[in-house]
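**Student:** Sequence first, then the predicted structure, then my questions.
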Amino acid sequence: MKVLITGKNGQLGSELQKTCPSNIELICFGSKELDISNVEQVNELLISHSPDIVINAAAYTAVDKAETDVDQAYTVNKQGAANLANVCKHINAKLIHISTDFVFDGTSTMPYTAGDTTNPLGVYGASKLAGEQAINEALGSQATIVRTAWVYSVFGNNFVKTMLRLMSEKEQLSIVGDQVGTPTWAAGLANMLWALVAKTDDKAPSELHSTSANSSLILNWTDAGVASWYDFAVAIQELAVEQELLSKAIPISAIPAASYPTPAKRPAFSVLNKAQAEELSGVKTVHWRAQLKAMLIELKAQA
């Protein structure tokens, strides 16, 4: 089976390459080789390679910058997604598209399911939701949309790496304590996606779910458990000291999000219900703290 990955240099794209099963013929493009917002380029490369499955890990993810860079956010996240969906339709390829918890407003008190009402708070979430809708319109049940949150990895820039740097430089830190979600190790997400690819190879996506056969399958995936950014930071420090990635611990205090204003408003609650993804992929979520430890061990091995 031939799988084409967009966004190969990102956290998820890098993990997908690292964990690719041996029976997969893998084709990967970064934004320099494949700009998904360039319809001619998308047509040319996808038609010439003719993959069975496209995994779209390319996105505009600068959440705060998107508030002023609106056109570019929509160009990549909506138009780019639509371009891929349209070509996948033409070449009869399946599309697995990565989306975000930012499609929700964070007012729920229960983990979000795929069917819950979307109401993005900012441009990034709205542009990602527009991309989901464009894919559903073009591809219907030929597409699977996977919403995830709080992604980190040994690759690229992310919250874990930023915390490690700040903890080694600062005397103390204040971290937002009233935004709750679940960290996601990109390696775990990649593992689930490859399991989904194997299952998708066996069945049509419409056989994988009980909703309308004409609509895209929407799944959620993060690690297991719940944390605030403050909880996440405390765990990063504790495990990093244990792994000798940090020489000492510094005081960390929790602050309200209102004390740390950002251009984009973020959901206060973005815990996602993963039950359907676990059932369909056959992969069980692992607690975020165990995944964080595994990532830090990997990071230490690279040092």
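**Tutor:** Yep, that arrived.
**Student:** can you pull the contacts of Gly53?
**Tutor:** Residue 53: Ile, not Gly. 1-4, 93-96, 197, 200-201 (C-beta atoms under 8 Å, 6 or more residues apart in numbering). Yep, even glycine has a C-beta here, placed from its N, CA and C like the rest.
**Student:** please redo it, this time with the cut-off set to 7 Å
**Tutor:** For Ile53, the contact set (C-beta atoms under 7 Å, 6 or more residues apart in numbering) comprises 3, 93-94, 96, 197, 200.
**Student:** backbone phi and psi for it, please?
**Tutor:** Main-chain torsions, Ile53, degrees, to the nearest 10: phi -140, psi 140.
**Student:** Next, work out how far apart it and Glu15 are.
**Tutor:** To Glu15, Ile53 is 17 Å away according to C-beta to C-beta, to the nearest Å.
**Student:** quick revisit: return a ChimeraX selection command for the buried portion of the contacts of Ile53.
**Tutor:** The following ChimeraX selection, which keeps only the buried ones among these, applies the criterion 16 or more other C-beta atoms under 10 Å:
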select :3,93,94,96,197,200
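**Student:** and which of the contacts of Ile53 is nearest to Lys65?
**Tutor:** Ile96 (26.1 Å; C-beta to C-beta).
**Student:** The closest one - that's part of a strand, no?
**Tutor:** Yes - counting by DSSP: H, G, I helix; E, B strand; the rest coil, Ile96 is found in a strand.
**Student:** Quickly list what it is bridged to.
**Tutor:** Applying DSSP bridges to Ile96 gives these bridge partners: Ile55, Thr144.
**Student:** Could you double-check that it sits in contact with Ala57?
**Tutor:** No - Ile96 lies out of contact with Ala57 (C-beta atoms under 7 Å); the separation is 9.1 Å.
**Student:** residues in contact with the helix or strand in which Val42 is found?
**Tutor:** Here Val42 sits within helix 39-49, counting by DSSP states H and E. Identification of contacts with helix 39-49 by C-beta under 7 Å, 6+ apart yields 4, 27, 29, 34-36, 54, 83-84, 87, 91.
**Student:** ok, now stretch 231-250?
**Tutor:** 159-160, 163-164, 167-168, 170-173, 175, 183, 252, 289, 292-293, 296-297, 299-300.
**Student:** In CSV, list the C-alpha atoms belonging to that stretch.
**Tutor:** C-alpha atoms of stretch 231-250 as CSV (Å, rounded to 0.1, in the frame of the first residue of the first chain):
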residue,chain,number,x,y,z
ASP,A,231,0.0,20.1,35.9
PHE,A,232,1.8,19.4,32.6
ALA,A,233,4.6,21.8,33.5
VAL,A,234,5.0,20.3,37.0
ALA,A,235,5.2,16.8,35.6
ILE,A,236,7.7,17.9,32.9
GLN,A,237,10.0,19.3,35.6
GLU,A,238,9.6,16.3,37.9
LEU,A,239,10.4,13.7,35.2
ALA,A,240,13.1,15.8,33.7
VAL,A,241,14.9,16.1,37.0
GLU,A,242,14.5,12.3,37.4
GLN,A,243,16.0,11.8,33.9
GLU,A,244,18.8,14.3,34.7
LEU,A,245,17.7,16.5,31.8
LEU,A,246,17.4,19.3,34.5
SER,A,247,19.9,19.7,37.3
LYS,A,248,17.4,21.1,39.8
ALA,A,249,13.7,22.0,40.3
ILE,A,250,12.4,25.6,40.4
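**Student:** can you pull the buried residues of it?
**Tutor:** By 16+ other C-beta under 10 Å, the buried positions in stretch 231-250 come out as 231-240, 245-246.
**Student:** so of those, which ones are in helices?
**Tutor:** Among the buried residues of stretch 231-250, the residues falling in helices (DSSP state H) are 231-240.
**Student:** Pipe the residues you listed into CSV and attach distance to Asp116 and pLDDT per row.
**Tutor:** CSV is the format used below for those (distance: C-beta to C-beta, whole Å; pLDDT from 0 to 100):
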residue, distance to Asp116, pLDDT
Asp231, 24, 98
Phe232, 23, 98
Ala233, 28, 98
Val234, 29, 98
Ala235, 28, 98
Ile236, 29, 98
Gln237, 33, 98
Glu238, 33, 98
Leu239, 32, 98
Ala240, 35, 98
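**Student:** thinking again about what came up before, filter the contacts of helix 39-49 to the buried ones?
**Tutor:** Buried among these by 16+ other C-beta under 10 Å: 4, 27, 29, 34-36, 54, 83-84, 87.
**Student:** show me where the stretch 101-250 of the chain has strands.
**Tutor:** 143-148, 151-152, 173-176, 180-181, 184-185, 217-220, 227-228 (DSSP state E, counting those that start in this stretch).
**Student:** closest to Lys128 out of those strands?
**Tutor:** Smallest distance to Lys128 across the strands of the stretch 101-250 of the chain (C-beta to C-beta): 8.8 Å, for strand 143-148.
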